[in-house]
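Trainee: whatever this is, show me its structure:
(chains A and B, ligands or ions: 2)
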Amino acid sequence: MNGGIFDIPSDLQNTYWGLVGLHLRLALIPVVAGLLVALPISQLCVMLRWLYPPVLWVTTILYAIPSLAFFVVLIDYTGQTELTVMIPLGVYSLVVFVPAIVDGVRSVPQETLDAATAMGLGPWRRYFQVQLPIAAPAIIAGLRVATVSSISLVSVGMLIGNQGGLGNLLNDGMIYHQPRLVWLSVIGTAVLAILADAFLVLVRILVTPWMPRGNRKPRPVDEPEPESRPEPAAAALEDAVR
Amino acid sequence: MIRIDSVTKRYPDGTVAVDNLSLEIPDRSITVFVGPSGCGKTTTLRMINRMIEPTEGRILLDGKDLAQQPVNTLRRSMGYVIQNAGLFQHRTIVDNIATVPRLLGWSKDKARARARELMDRVGLDGALAKRYPYQLSGGQQQRVGVARALAADPPVLLMDEPFSAVDPVVRKGLQDELLRIQEELGKTIVFVTHDIDEAVKIGTNVAVMRTGGHLAQFAPPAELLSNPADDFVEDFLGADRGIRRLSFFSTADLGLLTTPIVAVDSTAEQISERSAGDVPYLLVTDVEGKPLGWSEPARLTAGAVDPERLLPYGRPFEHGKESLRAALDGAVLSPTGWAVAVSADGRVTGVVSQQTIGEAIRAAHAEGDPDGRTDGRTDAKVAG
Ligand SMILES: Nc1ncnc2c1ncn2[C@@H]1O[C@H](COP(=O)(O)OP(=O)(O)OP(=O)(O)O)[C@@H](O)[C@H]1O
Ligand SMILES: [Mg+2]
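Mentor: Numbers count the residues shown, from 1 in each chain, chains lettered A, B, ... in the order given. Ligands and ions are numbered 1, 2, ... in the order given. Predicted structure coming up:
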């Protein structure tokens, strides 16, 4: 691999593909953790209506904290470790997930829930067999936003001692004045984000064969339109602005 | 039998939705709750499967207090159908129908086989089995809702305005289908509607409720139409209850005339023979005996009958099966004032004048309450 396009400085003690793996690890573990924490919080917000607005405030405030500020606070406790990068990313995912899941679960028509209750489905069955599957498109939409933003945010981890996956390459590129490394970092991150997003779109299509799609027969007119789902593109845009 | 015993439901905000309601819902019959919006029909229905608990009083199923029974077991023994069907949009049609059997622990194969059987029973094409609800029309979805409720063969079926979101033609089809299924299965059906015509058509007994959750009258539909308990019920029944009541009188005893009928290929002698006496019109049929139209005898020329120039014969009624209402309707629809009676295969069995129908109505009234109830009542209702 000498002189190859994917060669990287030895101070990173890794190969390019090793960095890609590291990057994914740093980005995705927080997303999964965020999802697991968001599920029970969201369900509580659905059951206790009054809880949702305060939870929303708190998450919005958390979202407003710049990642750098997060690192500064965390570094005293968790040091220059992966955890210091993952905690803020996890919190950001949580912030995306809670409203996505709450809206998704709330979009389940009352009639459907009544029918489930009337057929003798208890609260757990109702949640796992009816609410969660019907909320799946909204949850996956949230998952796309969280995943893409997490992949792009990991790079910031370079600031706390090479914990930024491909971001470290960006750092080196600037130090050694090697544009190739900068491109490797930026393009690599973008490709990862696009692939991850495409993968999630595929998952959405596979798990929701029941959703009306463009080339299929439209919903009968006497049926209400399904609740509109949060558009991941719009959310991602907001994210980019931030 | 379901016994509602002095039940009152007061919501936390103080609304009294049902006020001291007592009535008995007999087995193997359709009991309809009807009344204006907000009179407590849904609340009453939902107290039967304990989606809502009564504030006072109790409900007994076969003598046992509902409150003592495990709630989910109870619900699985009662089918439930609602407006817009409330299907699980994320499950295929078979899996929607198989829901309760699966909950009861049936194997997937057995539950699906049962689901397909039910699709057949409610008149759904088996090809729809693997579709999702959004790919079905409103009427088809409603049929799936009924099939789903029947899947585990529950003795009780609760239906809350099941057909009110579909157009009138589809609704009529669904009502007829329900009556047919009921004839086969004999469930204890509690049916909620705000449509009095629907109530009269499908109910064995009808409970008319009034705002505030009061029971205004509980009676079989024919009695409701002939003896409304008070002004409210009378008002609710609407202006033409006299006509609608005719749905409960059979045409079996109606005297038919068979003379003034000629086939389109009749000879001149046959025509003159048939118009003997003083019949003002002759009914012309095709060679199979199906009606074509009326004509004055003088205008008929053997061998040159132009079906285009005959007078319309209105809507024929099925003799013995349809009600006096259908017969009267047929007579009123034809400019001749005569109704055409046909057999099940559409062949003319006779004709009858408005005057004769009027006499039959008077005779039926003279017998007191319409008591077609003992025979042919359901038939008359299905068809009339
Ligand atoms: N959860 C609730 N809390 C307070 N009041 C309620 C509640 N549910 C129903 N009500 C009230 O109770 C009354 C009866 O309601 P119900 O739903 O039983 O009426 P309904 O006869 O089914 O009407 P509709 O024909 O419109 O469906 C209404 O005045 C309604 O506003
Ligand atoms: Mg109602």
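Trainee: for the rest of this, base every contact and every neighbour count on C-alpha atoms.
Mentor: OK.
Trainee: surely B:Asp65 meets B:Arg58?
Mentor: Yes: between B:Asp65 and B:Arg58 there is a contact under Cα atoms under 8 Å: 6.8 Å.
Trainee: where do the contact lists of these two overlap?
Mentor: With Cα atoms under 8 Å, 6 or more residues apart in numbering or on different chains applied, the contact sets of B:Asp65 and B:Arg58 do not overlap.
Trainee: enumerate the residues of chain B near chain A.
Mentor: Within chain B, the positions adjacent to chain A are B:49, B:51, B:71-76, B:78-82, B:84-92, B:100, B:103, B:132-138, B:165-166 by Cα under 8 Å from any Cα of the partner chain.
Trainee: how about the helices of the stretch 151-300 of chain B, start to end?
Mentor: Assigned by DSSP state H, counting those that start in this stretch, the stretch 151-300 of chain B shows helices spanning B:168-185, B:196-202, B:221-226, B:231-237, B:241-245, B:268-274.
Trainee: who's in contact with the closest residue to B:Pro260 other than its chain neighbours?
Mentor: Excluding its sequence neighbours, the residue lying closest to B:Pro260 (Cα to Cα, 6 or more residues apart in numbering or on different chains) is B:Leu282, at 4.8 Å. The neighbourhood of B:Leu282, defined by Cα under 8 Å, 6+ apart, consists of B:Pro260, B:Ile261, B:Val262, B:Arg274, B:Ser275, B:Trp294, B:Ser295, B:Glu296, B:Pro297.
Trainee: and those, which is the shakiest by pLDDT?
Mentor: Within the set of the contacts of B:Leu282, pLDDT is lowest for B:Ser275 (82).
Trainee: so which elements touch whichever strand or helix holds A:Pro54?
Mentor: Secondary-structure assignment from DSSP states H and E places A:Pro54 in helix A:52-64. Packing partners of helix A:52-64 (3 or more Cα pairs under 8 Å, 6 or more residues apart in numbering or on different chains; DSSP states H and E): helix A:16-47, helix A:82-106.
Trainee: next, the angle helix A:16-47 makes with the shortest one.
Mentor: Using axes from the mean of the first three to the mean of the last three Cα atoms, to 10 degrees, the direction of helix A:82-106 lies 40 degrees away from that of helix A:16-47.
Trainee: so, low pLDDT: which residues of chain A?
Mentor: A:1-3, A:214-242 (pLDDT under 70).
Trainee: could you redo the last one with a cut-off of 80?
Mentor: Counting by pLDDT under 80, the ranges of chain A that qualify are A:1-8, A:10-13, A:159-164, A:213-242.
Trainee: got it, and chain B?
Mentor: Along chain B, the parts satisfying pLDDT under 80 run over B:276-279, B:303-304, B:367-384.
Trainee: got the residues of it near ligand 1?
Mentor: Counting by Cα under 6 Å from any ligand atom, chain B comes close to ligand 1 at B:11, B:13, B:15, B:17, B:36-43, B:194.
Trainee: and if we set it to 5 Å?
Mentor: Proximity of chain B to ligand 1 is confined to B:Tyr11, B:Ala17, B:Ser37, B:Gly38, B:Cys39, B:Gly40, B:Lys41, B:Thr42, B:Thr43 under the rule Cα under 5 Å from any ligand atom.
Trainee: filter these down to the buried ones, ChimeraX style.
Mentor: Paste this into ChimeraX to select the buried members of those, with burial taken from 16 or more other Cα atoms under 10 Å in any protein chain shown:
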select /B:17,38,39,40,41,42,43
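Trainee: which two from the residues of chain B next to ligand 1 end up farthest apart in space?
Mentor: Among those, the pair separated by the greatest distance (Cα to Cα) is B:Tyr11 and B:Ser37, at 16.7 Å.
Trainee: nearest to A:His177 among the contacts of B:Leu282?
Mentor: Closest to A:His177 out of the contacts of B:Leu282 is B:Trp294 (103.3 Å), distances taken as Cα to Cα.
Trainee: run a quick neighbour tally on residue 156.
Mentor: By default, I'm working from chain A. Other residues lying near A:Val156 total 21 when counted by other Cα atoms under 10 Å in any protein chain shown.
Trainee: oops, I was thinking of chain B
Mentor: Per other Cα under 10 Å, the neighbour tally for B:Val156 reads 27.
Trainee: now do the SS call for the residue nearest to the spatial centre of chain A.
Mentor: Central residue of chain A (Cα atoms, centre = their mean): A:Ala146, 1.7 Å from the mean position. At A:Ala146 the chain is in helix, as set by DSSP: H, G, I helix; E, B strand; the rest coil.
Trainee: hmm, A:Val32 and it touching each other?
Mentor: No: between A:Ala146 and A:Val32 there is no contact under Cα under 8 Å: 9.6 Å.
Trainee: burial check on A:Phe128, number of neighbours?
Mentor: 11.
Trainee: now the helices of the stretch 151-300 of chain B in CSV, please, with extra columns for distance to B:Val332 and mean neighbour count.
Mentor: Formatted as CSV, the helices of the stretch 151-300 of chain B follow (distance: least, Cα to Cα, whole Å; neighbours: other Cα atoms under 10 Å in any protein chain shown):
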stretch, distance to B:Val332, mean neighbour count
helix B:168-185, 22, 15
helix B:196-202, 21, 21
helix B:221-226, 22, 22
helix B:231-237, 23, 15
helix B:241-245, 12, 17
helix B:268-274, 24, 15
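Trainee: distance of the residue nearest to the centre of chain A from ligand 1?
Mentor: Taking Cα to the nearest ligand atom, to the nearest Å as the measure, A:Ala146 falls 37 Å from ligand 1.
Trainee: again, but for B:Arg121
Mentor: Counting by Cα to the nearest ligand atom - B:Arg121 and ligand 1 are separated by 28 Å.
Trainee: ok, that residue - contacts?
Mentor: For B:Arg121, the contact set (Cα under 8 Å, 6+ apart) comprises B:Ala147, B:Ile181.
Trainee: got the phi and psi for it?
Mentor: As for B:Arg121, its main-chain torsions (degrees, to the nearest 10) stand at phi -60, psi -40.
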